[in-house]
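**Q** Just need the structure, nothing else, for what follows:
(chains A, B, C, D, E, F, G and H)
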Number of protein chains: 8
Amino acid sequence: MTRWTVYLSGEIHSDWRQRIVEGAARRDLPVVFTGPVTDHAASDDCGVAILGAEASPFWKDHKGAQVNAIRTRSLIQQADVVVVRFGERYKQWNAAFDAGFAAALGKPLIVNHTPDLGHALKEVDAAALAVCEAPEQVVAVLRYVTMGELAD
Amino acid sequence: MTRWTVYLSGEIHSDWRQRIVEGAARRDLPVVFTGPVTDHAASDDCGVAILGAEASPFWKDHKGAQVNAIRTRSLIQQADVVVVRFGERYKQWNAAFDAGFAAALGKPLIVNHTPDLGHALKEVDAAALAVCEAPEQVVAVLRYVTMGELAD
Amino acid sequence: MTRWTVYLSGEIHSDWRQRIVEGAARRDLPVVFTGPVTDHAASDDCGVAILGAEASPFWKDHKGAQVNAIRTRSLIQQADVVVVRFGERYKQWNAAFDAGFAAALGKPLIVNHTPDLGHALKEVDAAALAVCEAPEQVVAVLRYVTMGELAD
Amino acid sequence: MTRWTVYLSGEIHSDWRQRIVEGAARRDLPVVFTGPVTDHAASDDCGVAILGAEASPFWKDHKGAQVNAIRTRSLIQQADVVVVRFGERYKQWNAAFDAGFAAALGKPLIVNHTPDLGHALKEVDAAALAVCEAPEQVVAVLRYVTMGELAD
Amino acid sequence: MTRWTVYLSGEIHSDWRQRIVEGAARRDLPVVFTGPVTDHAASDDCGVAILGAEASPFWKDHKGAQVNAIRTRSLIQQADVVVVRFGERYKQWNAAFDAGFAAALGKPLIVNHTPDLGHALKEVDAAALAVCEAPEQVVAVLRYVTMGELAD
Amino acid sequence: MTRWTVYLSGEIHSDWRQRIVEGAARRDLPVVFTGPVTDHAASDDCGVAILGAEASPFWKDHKGAQVNAIRTRSLIQQADVVVVRFGERYKQWNAAFDAGFAAALGKPLIVNHTPDLGHALKEVDAAALAVCEAPEQVVAVLRYVTMGELAD
Amino acid sequence: MTRWTVYLSGEIHSDWRQRIVEGAARRDLPVVFTGPVTDHAASDDCGVAILGAEASPFWKDHKGAQVNAIRTRSLIQQADVVVVRFGERYKQWNAAFDAGFAAALGKPLIVNHTPDLGHALKEVDAAALAVCEAPEQVVAVLRYVTMGELAD
Amino acid sequence: MTRWTVYLSGEIHSDWRQRIVEGAARRDLPVVFTGPVTDHAASDDCGVAILGAEASPFWKDHKGAQVNAIRTRSLIQQADVVVVRFGERYKQWNAAFDAGFAAALGKPLIVNHTPDLGHALKEVDAAALAVCEAPEQVVAVLRYVTMGELAD
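**A** As a prediction, this is how the structure comes out:
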């Protein structure tokens, strides 16, 4: 495999994706990153903006979430590795949903969260092949996995 | 199909499973219910109780969550329908994980939560074939699906 | 296989299902028949009746069709053989959808329609292993397939 | 995924495919479009023209539909997204068949039809992740899904 | 597994099926045998007898072979083990087709033929887990596989 | 799909492969052809030549057929379309095995043989989407399927 | 699931299977156990005893191992849970092969060995959901998984 | 297939991989080789080096083996052919695990070991399509399989 595709799922309110993408670029890792649309407003509004307004918030959310699913499920199915990040804020049930979806497809799963979330995330962690605290550890795992390099 | 198997995933701190099981029994529905171990303490301790103590909480959780996964993943894979319930308390990432796992396997998904959780659960709801507010609606869906009965 | 499960998809405004079920019973065929809910009103209303009213006809239909899909997709997936009947009236896109769904799952497909619909149904017929004009022919195919009996 | 493959199924008597292809080209979307042979006469005659004449219209249709299936089923299986368009004219059971086929394969489905067909198409719509009235909305969905762009 | 299902494919002009069924009965093996319709005339005529006469021998054969396929492909898919017998007479391409079909499904394959056919059948034999010369050896393999009994 | 992969299985004693490859080249079809090793002696000897001599013809054949299977099963699994040719000579059980293998994988199947073999090949033909008498018809089918071109 | 099927793979020179089967019986666990033929001589000789003598030890082993594979691969594929036991003696590559086979099929894996084998078995353990030192722990895991019972 | 991907699993203490890679390069074979990280120390330490130290050797091994599994399972799943080499030293249960994993995925398997290991490896050999004693034979098999070349 000359190029690995890694899907980055989860938290959209911190710079973790950027830290991983830049870390991988610095090491010239043979990795292409994919992920959901991370513009929060666009992600919330895409359904009604394209397919027509809805009076009910439920159907607005439904339309938007299904349009986003066209992207996310396609990209998860085509990923070689799925990374799921949980932050402190928000419930992030979609991140856990993605983890379950990836696990059922047999995708190698890397989970990234701070230790204090460990007990609440134990079922997700138990399905992962690596549990990282920092995005830089995700880069180190990807470097080892794709290049076999451990030490500098 | 003379008998349907329905897996009940999620919240273990309210009586929703009992209300569904009893509602189905009252209607004589041809449904067998399965689910995780709902004894919270046993579910947390099973790993170390059986396989040996751990100094670190992470590995205690890991052992327990993996032993529970032997049960939960087997039962979800054998279910005809998966119901996932989200309550007000706790993060319940395991419930969302189960929903994603079931969705990737192509299992028909019924989600049960109160309307105020709707926005946070929009990705999970978007993967469901029915979104119920009350457990009694889950029973009504199962009655219609298995017996074709709608009105009394 | 001591018992075959046969799903009867399509037209709900004639007695074709009854003719097949009775014909199979007369021959004591080892066949269990399944199918969608055939009460038209219940089938149209099930979504809103159980899950709550909708102002828009689109969402009323959406809710109902998804609840029905819990039943129909489960039963098609568990069928050994799928029979799809097309009548003169209505567009019956759901019948053609079921045929495509069954074909992709590798289910043996029997199609039943009058000859005048042949050209319009040529893609569906081309995916079938038997194209019957009358329900009694469906019974004869099932008798031969399950019992090896051809002549009386 | 640097390039998405989108299969355009259904109506061949209007310019909807052209409007989608041109709309995507205008936005430089990373999308390759595939679809059935849209020359109606060639599509009807291909079986007998290549494999030999048939006296019966049924077998003429059968031969042609099976030759077309070599193309259509291969391309649907390799598509990332399947778009199905229903027009006012004709029964278009083959479009609904393609939708069912795509759904069973887990392909994200976008349906395109005018609102007046909504009730008749409710089972197909219920399997879709987006229901569009105009081809331009299909382009907008593809633009958002592949590029994350919503507003101009 | 308390009961094994074994499909017996191939030659219909000798008593090999009977010898296997009787041999298994004598040993009380927990095996249920399935197979194609072995009445040669019925098997050839079933298509036209049920679905209507054909002027061309090709379409008569086509109709009949497709009706038979409803039975044979279903039963092969549900078998635990597939036994394929090749005799001296006839081309028996259908037997080799069944062997390939079973192999692609990952079914354990037992082949039965006399040694003189070995070179011509080398690709089929190479896909088998046991190559037997006599039907009694098939019974002995099934006895060992299901009961663990080797010697008397 | 910008390039189709077509596997050519069967007869190795006539020029049918060359006629198809040249015919496709003449039309500039976007097709890559694959197939078994067609050097008969090499195909028979490869097992013992590489892996060591065998006293028994059965094990010589077994070794060779398994080495050939590394190639043939890989290439069939990666093909978009499988063409199987039956000639007048030899039993060609391997060709029928390939057809069954391809059918179980859901590969579109094109069969090529002269009409006199029709009855003996009816089960194989019944699994095909096109039955051609001449290699030139195979080229015409591939031209139509890949380019949509029917007439000159 | 009213009855779980558990395959017991590995070591045949100690009483671990008996200890698990008896422990499960004592608790009335809803478990059916399956496994390979554990009569070492029969297992080694079955190929040549049934299918004919071989001069070369390689082919004697090959024949026997393939006959055993009819049983073992079928039973592993039908198991809900796979337990693999490694003892002190012998290389037991077949046990590790079974573990890999089960892992690729997504079967929940329980591994049983003494701690001193831990480093050599780390890849196998890493694929397991429970690593037990004693057979009695396997019984305790099965009791918890099937009955939800932890303490006495 | 213009390029074959071949995964080289097993022994990391001899030069067998180098002999295969160089042999293939000498013949200009269209083969890309993949494999595990073969730096023994890195492979043992990767888990704790990246994800944090562990007091217990079991969890150190567990972390490392799971990180390695991200690489190995991905690469095996994407390989066209899997070669597994067993050496004289060490238990190499991971090599046998890889062989079982590859076999369950239907990957063509080539096994490489000296004859004295034959009896202990008979179950692994029985799942292989070629059993080689020397790495040079692996090259010869790959040359024949990819190029059809047997003699020089």
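**Q** contacts, neighbours, all on C-alpha from now
**A** Noted.
**Q** what's the spacing between the residue in chain A sticking out farthest from the centre and B:A128?
**A** Distance from the C-alpha centroid of chain A, by CA atoms, centre = their mean, peaks at A:A55 (31.0 Å). According to CA to CA, to the nearest Å, A:A55 and B:A128 sit 21 Å apart.
**Q** again, but for A:W4
**A** 31 Å.
**Q** Over to A:D44?
**A** On the measure of CA to CA, A:D44 and B:A128 end up 18 Å apart.
**Q** Pick out the residue of chain A closest to chain C.
**A** A:W59 (8.3 Å; CA to the nearest CA).
**Q** ok, the helix or strand harbouring that residue near chain B or not?
**A** With secondary structure defined by DSSP states H and E, A:W59 is part of helix A:57-78. Yes. Contact of helix A:57-78 with chain B (CA under 8 Å from any CA of the partner chain) involves A:F58, A:D61, A:H62, A:K63, A:A65, A:Q66, A:A69.
**Q** Drop anything exposed from the residues you listed.
**A** Neighbour counting with 16 or more other CA atoms under 10 Å in any protein chain shown marks A:D61, A:H62, A:K63, A:A65, A:Q66, A:A69 as buried within the residues of helix A:57-78 next to chain B.
**Q** so can I have JSON lines of the residues you listed showing pLDDT and distance to C:V139?
**A** JSON lines is the format used below for those (pLDDT from 0 to 100; distance: CA to CA, whole Å):
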{"residue": "A:D61", "pLDDT": "97", "distance to C:V139": "47"}
{"residue": "A:H62", "pLDDT": "98", "distance to C:V139": "43"}
{"residue": "A:K63", "pLDDT": "98", "distance to C:V139": "44"}
{"residue": "A:A65", "pLDDT": "98", "distance to C:V139": "45"}
{"residue": "A:Q66", "pLDDT": "98", "distance to C:V139": "42"}
{"residue": "A:A69", "pLDDT": "98", "distance to C:V139": "43"}
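**Q** now, which of these sits nearest chain D?
**A** Nearest member of these to chain D, counting by CA to the nearest CA, is A:Q66, at 5.0 Å.
**Q** Return the distance of the residue farthest from the centre of chain A relative to chain H.
**A** 46 Å (CA to the nearest CA, to the nearest Å).
**Q** and that residue, that's in a helix?
**A** No. Counting by DSSP: H, G, I helix; E, B strand; the rest coil, A:A55 is not found in a helix; it is coil.
**Q** Dihedrals phi and psi, it?
**A** phi -70, psi -40 (degrees, to the nearest 10).
**Q** ok and the longest strand along chain A relative to helix A:57-78, angle-wise?
**A** Taking DSSP state E as the criterion, chain A has its longest strand at strand A:4-10. Orientation of strand A:4-10 against helix A:57-78 (axes from the mean of the first three to the mean of the last three CA atoms, to 10 degrees) gives an angle of 160 degrees.
**Q** Helices along chain A, start to end?
**A** A:16-26, A:40-51, A:57-78, A:93-104, A:122-126, A:135-147 (DSSP state H).
**Q** With respect to chain F, which of those lies nearest?
**A** helix A:57-78 (17.0 Å).
**Q** which residue packs closest to A:V37, ignoring adjacent ones?
**A** Once flanking residues are discounted, A:V37 sits nearest to D:G148: 5.4 Å by CA to CA, 6 or more residues apart in numbering or on different chains.
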